[in-house]
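Dropping the sequence and predicted coords here.
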Amino acid sequence: MPVRTVVERGTHAKRFVAFSVDWPGWSRGARSPELALATLEAYRARYRPVADLAGMEADFDASGPLEVVEDRVGTGSTDFWGISFSPCSLEQDPMDEAQLERGIALLRACWAFFDGVAARVSPEMRPGPRGGGRDRDQIVSHAIRTESELFARRVGLRWPEGAALAPDGLRQHREAYLAAIRAYNAGDVRRRMRTWTLPFLVRHSCFHMLDHAWEMEDKDLSTGG
């Protein structure tokens, strides 16, 4: 089966994103739609460990070529950050049970992959072209706090500032986050998201963890990147 792929354009066509609908987190941005698609394809091998961790390696290996099923305009943030910031037409609430559990399994796999990368890379990271950039612990803190303090609020979960970084806090946050996702999908959360949908939240959570995991791999001083 081909990989259902969406191309998202910034409102001023400065940056473009290509992402897989069925493999949340497999997403790359670039300065043209053609380059975004080429970069997404180049990351196929880097996404495979996530599918493996989710027990879906056979399905992933059987995936065919990228097939663009939607070409859409995103938001101003797409231009600024070069990442997808809104759901496509295929990402609507609610999710059926199989789709929900598949998304949760892949989100768990993204967490496991992120944790594994953080455990093996160098504490200091290769600096950017201007000599700046965050070290490993700063990247880990940013990724976890963004998810626990911003993304989780979308499904009604309020997590104290910095609590997910405390001992045993990360495990508690992740289990609470998954419970909140399931409750939201079942309609048990009164306040609904206005511009986001649950499939997009799952995809964005996966992407954010993978993007920073790949950043740590690329800047790892112990292997040369």
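Structure's in. What do you need?

Could you break the protein into its assigned domains?
Domain assignment for the chain by automatic domain parsing gives 3-81, 97-219.

and those as TSV, adding distance to residue 91?
(Glycine included, C-beta is placed from N, CA and C.) Below are the domains of the chain laid out as TSV (distance: least, CB to CB, whole Å):
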stretch	distance to residue 91
domain 3-81	7
domain 97-219	4
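
May I see the buried residues of the longest helix along the chain?
If you go by DSSP state H, the chain has its longest helix at helix 97-120. Of all the residues in helix 97-120, those buried under the rule 16 or more other CB atoms under 10 Å are 100, 102-104, 106-111, 113-114, 117-118.

now swap in stretch 178-186 and tell me
Using 16+ other CB under 10 Å as the test for burial, stretch 178-186 gives 180-182, 184-185.

Show residues contacting that stretch.
93-95, 100, 104, 107-108, 152, 155-157, 189, 198, 201-202 (CB atoms under 8 Å, 6 or more residues apart in numbering).

quick revisit: please compute how far the longest helix of the chain lies from its chain's middle.
Helix 97-120 has its C-alpha centroid displaced from the chain centroid by 10 Å (CA atoms, centre = their mean, to the nearest Å).

likewise stretch 215-225?
That offset, for stretch 215-225, works out to 20 Å (CA atoms, centre = their mean).

Give the rounded mean pLDDT of that stretch.
Averaged over stretch 215-225, pLDDT sits at 88.

what do you get for stretch 55-75?
Per-residue pLDDT over stretch 55-75 has a mean of 97.

returning to that earlier point: nearest to residue 87, of the domains of the chain?
domain 97-219 (3.6 Å; CB to CB).

how long is that closest one end to end?
End-to-end span of domain 97-219 (CA to CA, to the nearest Å): 38 Å.

So, low pLDDT: which residues of the chain?
Along the chain, segments meeting pLDDT under 70 span 129-131, 224-225.

For it, just list every one of the helices.
33-42, 44-53, 57-61, 76-81, 97-120, 136-146, 169-185, 198-219.

Just grab the bridge partners of residue 29 for me.
Note on residue 29: beta-bridge partners residue 17, judged by DSSP bridges.

any idea how far residue 13 is from it?
13 Å (CB to CB, to the nearest Å).

So for those two, which sits in the more crowded spot?
Per other CB atoms under 10 Å, whichever of residue 29 and residue 13 has more neighbours is residue 29, with 21 against 13.

on that earlier part again, ok, of the contacts of stretch 178-186, which come out buried?
93, 95, 100, 104, 107-108, 152, 155, 157, 189, 198, 201-202.

which among those gets closest to residue 146?
residue 152 (9.7 Å).

Just give me the neighbour total for the closest residue to that closest one other than its chain neighbours.
Residue nearest to residue 152 in three dimensions, not counting chain neighbours: residue 177, with 5.2 Å by CB to CB, 6 or more residues apart in numbering. Other residues near residue 177 come to 23 when the count uses other CB under 10 Å.
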